[in-house]
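> only geometry, no sequence info:
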């Protein structure tokens, strides 16, 4: 990326940089110091008076490195050069024997540089294997938030559009942080940071550490994803950006799916219309029961930021930065598919999964749904940072608040089940076999789900860095410098409020000739209740609130030293504590006493449209289960980074971590639950399925770094880590996204996983900015947590389980190159590519092996869930010679990925479900207008591929669709103003 940046900057209008470098200890000019511009690769040497100058520097933002033998290197980030102007940047270097490491630590606390060159420098210096992506490259790629930016990192992908997956390991194996602090999550599925809540406007860089070191949290098995938010700028910042968007499936759509009273208001704050209608218990409730259509909304967003730094006195600096953002977005598809299939007998084709009866009975249901869905969302928030810095102390305060509201209307209709069993079916013919003797065989079904959700996240972080007033001393051949003390206090809050989720189900009985009755039976709608909802009415209104409060404390003491008078190293000790409390509350209301409800009308008539005007009494369910969850993690660690020679260094240490998680369930009097291994539900008594789990772990790590030449770096490491259960996975509550959709039930007996990690990496950087990198990784996993499909007497559901063992291994290849270095005719072109190839396997537990053997399916192992077979990223950027225009093309591919393992349901084989390969092509074109304006056109998802999951097994012939839909191609036009 440095090469990319070099080309970009080389074609901008020119300014210049000058300054004076001083000896900090004696406050005198420092001669013969090297000053390097990382982005351009240019280097100058200071004069006898300590002066330096970079003439003819193209306009842009740069990173300067000041160094001289015997002095601590200093890095200045965010140096802004304006065309035709002079930028002054002074530096004062500390002698290595007095104030070692001071400025290096401060640079990190300034929350990192946003250029690829600075991040590449960080990659080479980090004791862990690290990959990063800058705000600049995110902008070129059209990444609107952290989740889209992460996809550009080698070996990284995103699950469910918002959760990090690193090297095929999903969120439980990946520690996601903001400025080094883990945030709570009100997502009911995971304790993982939702990356889509961080817009690109507040991100400086995304840093991914792929190997565990003892100063990281113990569940950083696949990696630690750290979102570095924008910090206090070196120069005054004042900017505004506005964008309007177009989607090929949304914009201008007159049949956009929504409902009466649906949508999101300007701030995404419900006005009370979705509150529990306590006054209407026992009678009709107000509000829509089903979907309707309207013209699609307009997508747009804007952001504004400002920052400044003040020098209060010599060496005393106060600074601040603030950013606010707002976004409205929408999506729509009317070609979705959601099919439930199984194999009755091995060797036969897949057939529709049936429920509530069998084809032999003549009264049964299928689940072959055609899905239409409309989604509207609004997100807004703000970031604020304050910093106070002296020569030996730094204090920083960061506050982030985000609020998002999303309203989803889903219409799912099953008409293909009838066609499967009656291939020549004519729905309007009352004499058709499907309308006479087969009237109740795979009838038409219609489910409508209205789901409004608000999510709020807030965090307040206070951190400090201090150089302790101790004189240098020698011990065992090492010269120790003054220690550095870092500390962090963080208080965070997350809330998910889902008021009045509505689920409506109806079954259509067509016009039918019945010889036992005179005439013809008219068409009729009657209630439909899927197996998981059979004890409810056909109309449910669900109110759910999840809150998480989190406190995190960290204390790190670093003792820097030198060996043989020149090779730097350090000893590092630390303490850590993380405490999360979760409350889950749900209230369900339904038309339980609605006996004999029906609606006369054809299939094109909507029962849900008139349902609110009919007499359907709504009462409480008395079947809900609330719970309180508590998770505590505490740790102490020690590590050393020891130079063994001028070319070799050793990192070694261990983390001692204690983990505990507990859940106390609060079931209502008629609540049911599904014990692990049970075929049906039983009464849920207080105290049942409560969880009290604790575990202590010693997690060692060792790494070796070998630098035979400045261009070559070889790293090897071994570490042990763990993976935690989530609250949802431990709770036996039945959870369903929409009526008739997939069902998830937790397992209170679930345990933690343990991992052994092996890594090798070779980095070759022959010239500044160019990079060739090859990595190998392998992970042995004990008790991996996997999702399996389980049968019950009423339905098939997904549940988590500890498998005996698993392993995952793979390779990563990364290339970055300025093509001008290969041929003069390629001036302005830069190329980057990375690829990851993953091979994974888990061993099935004995009960599953026996169950499959009974079906004549000899399966003993399978792939790991969420681990793609391969990942590709390709990009090509072109900076035109006019110095104001940039073009960038990005293509990302995620290979086939296991979503759920194979299972057994009432004696039938359910094959594994895989997400098929999907590729995304994005194009970005930007042009500067004068010194302050920038116009950018972005085209995303140009190929608009089908997002598809399929049933796959060696025991079936080819793939069969499980789910599919398309997202649509997007165009956006933005205008930025920076003063």
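That came through, no problem. The shown structure was predicted, so the numbers you read here are calculated from the model rather than taken from an experiment.
> all contacts plus neighbour counts: C-alpha atoms, from now on.
Fine.
> Give me the three-state assignment for the residue in the chain sticking out farthest from the centre.
Using C-alpha atoms, centre = their mean, the residue of the chain lying farthest from its centre is residue 518. It sits 61.4 Å away. Per DSSP: H, G, I helix; E, B strand; the rest coil, the secondary structure class of residue 518 is coil.
> Dihedrals phi and psi, it?
Note on residue 518: backbone dihedrals following degrees, to the nearest 10 are phi -70, psi 140.
> what's the spacing between it and residue 430?
Residue 518 sits 13 Å away from residue 430 when distances are taken as C-alpha to C-alpha, to the nearest Å.
> same question, residue 460
67 Å.
> what about the two, which has more around it?
residue 430 (20 against 17; other C-alpha atoms under 10 Å).
> ok, now which ones touch that one?
436, 510, 511, 512, 513, 520 (C-alpha atoms under 8 Å, 6 or more residues apart in numbering).
> Which helix or strand contains residue 609?
Residue 609 is part of helix 607-610 when elements are defined by DSSP states H and E.
> ranges for the helices of this protein?
In the chain, the helices defined using DSSP state H lie at 2-10, 102-109, 116-125, 135-141, 146-150, 416-421, 607-610, 727-730, 846-854.
> quick one: which of these has the weakest pLDDT on average?
The weakest mean pLDDT among the helices of the chain belongs to helix 102-109, with a mean of 30.
> Can you pull the poorly scored residue ranges out of the stretch 101-250 of the chain?
101-130, 140-142, 160-161, 183-193 (pLDDT under 70).
> Okay, strands next: where are they in the stretch 1-150 of the chain?
Under the criterion DSSP state E, counting those that start in this stretch, the stretch 1-150 of the chain carries strands at the ranges 14-23, 28-29, 34-37, 43-45, 51-58, 60-67, 74-81, 86-88, 91-93, 130-134.
> With distance to residue 478 added, can I get the ones you listed in a markdown table?
Shown next, in a markdown table, are the strands of the stretch 1-150 of the chain (distance: least, C-alpha to C-alpha, whole Å):
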| stretch | distance to residue 478 |
| --- | --- |
| strand 14-23 | 24 |
| strand 28-29 | 29 |
| strand 34-37 | 27 |
| strand 43-45 | 31 |
| strand 51-58 | 34 |
| strand 60-67 | 22 |
| strand 74-81 | 23 |
| strand 86-88 | 38 |
| strand 91-93 | 22 |
| strand 130-134 | 28 |
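> Would you mind giving these as TSV with mean neighbour count added?
Below are these laid out as TSV (neighbours: other C-alpha atoms under 10 Å):
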stretch	mean neighbour count
strand 14-23	19
strand 28-29	16
strand 34-37	20
strand 43-45	16
strand 51-58	20
strand 60-67	20
strand 74-81	20
strand 86-88	17
strand 91-93	22
strand 130-134	23
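> which stretch among these comes nearest residue 894?
Smallest distance to residue 894 across the strands of the stretch 1-150 of the chain (C-alpha to C-alpha): 18.1 Å, for strand 130-134.
> Dead centre of the protein: give me the residue that sits there.
Mean-position check on the chain, C-alpha atoms, centre = their mean. Result residue 163 at 2.3 Å.
> for it, which residues make a bridge with it?
residue 159 (DSSP bridges).
> Tell me which residues of stretch 587-602 come out buried.
Buried residues in stretch 587-602, counted by 16 or more other C-alpha atoms under 10 Å: 587, 588, 589, 590, 591, 592, 594, 598, 599, 601, 602.
> can you check stretch 415-434 too?
415-419, 421-422, 427, 430-434.
> Next: stretch 971-979.
971, 972, 973, 974, 975, 976, 977.
> What's the mean pLDDT across it?
92.
> who touches it?
237-247, 932-940.
> Now do that stretch: distance to the chain's middle.
Taking C-alpha atoms, centre = their mean, to the nearest Å, one finds stretch 971-979 lying 26 Å from the centre of the chain it belongs to.
> same deal with stretch 270-289?
34 Å.
> can you check stretch 828-840 too?
20 Å.
> out of the buried residues of stretch 587-602, who's nearest residue 444?
Nearest to residue 444 among the buried residues of stretch 587-602, counting by C-alpha to C-alpha, is residue 602 at 11.3 Å.
> low-scoring stretches of the stretch 701-850 of the chain, by residue?
For the stretch 701-850 of the chain (pLDDT under 70), the answer is 736-742, 768-769, 793-794.
> Tell me where it has strands.
Counting by DSSP E, counting those that start in this stretch, the strands of the stretch 701-850 of the chain are 712-723, 734-736, 743-745, 753-764, 771-782, 785-791, 796-802, 805-818, 829-843.
> Which among the ones you listed is found nearest to residue 616?
Across the strands of the stretch 701-850 of the chain, closest to residue 616 is strand 734-736 (C-alpha to C-alpha), at 23.4 Å.
> Count the residues that sit near the spatially closest residue to residue 673 that is not a sequence neighbour.
Distances taken as C-alpha to C-alpha, 6 or more residues apart in numbering place residue 681 nearest to residue 673, at 5.2 Å, with adjacent residues excluded. Applying other C-alpha under 10 Å, we find 14 residues neighbouring residue 681.
> what's the distance between residue 681 and residue 194?
Taken as C-alpha to C-alpha, the span from residue 681 to residue 194 is 33 Å.
> Same question for residue 764.
Taken as C-alpha to C-alpha, the span from residue 764 to residue 194 is 34 Å.
> The two: who's more crowded?
Applying other C-alpha under 10 Å to residue 764 and residue 194 shows that residue 194 carries more neighbours, namely 22 against 17.
> Which neighbouring residues are in contact with the residue nearest to that one when sequence neighbours are not counted, exactly?
Leaving aside its sequence neighbours, residue 194 sits nearest to residue 162 (C-alpha to C-alpha, 6+ apart; 5.1 Å). Residues in contact with residue 162 (C-alpha under 8 Å, 6+ apart) are 147, 194, 195, 196.
> which one of those is nearest residue 960?
residue 147 (29.3 Å).
> Strands of the stretch 851-979 of the chain, start to end?
861-862, 870-879, 885-894, 897-900, 903-905, 908-910, 912-915, 918-929, 933-940, 946-952, 960-966, 970-978.
> Now tabulate those strands in CSV and tack on distance to residue 355.
What follows is the strands of the stretch 851-979 of the chain, written out as CSV (distance: least, C-alpha to C-alpha, whole Å):
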stretch, distance to residue 355
strand 861-862, 28
strand 870-879, 37
strand 885-894, 34
strand 897-900, 20
strand 903-905, 11
strand 908-910, 12
strand 912-915, 20
strand 918-929, 32
strand 933-940, 41
strand 946-952, 19
strand 960-966, 17
strand 970-978, 40
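> related to what we said a few turns ago, the residue nearest to the centre of the chain touches residue 171, doesn't it?
Yes: using C-alpha atoms under 8 Å, residue 163 makes contact with residue 171 at a distance of 6.2 Å.
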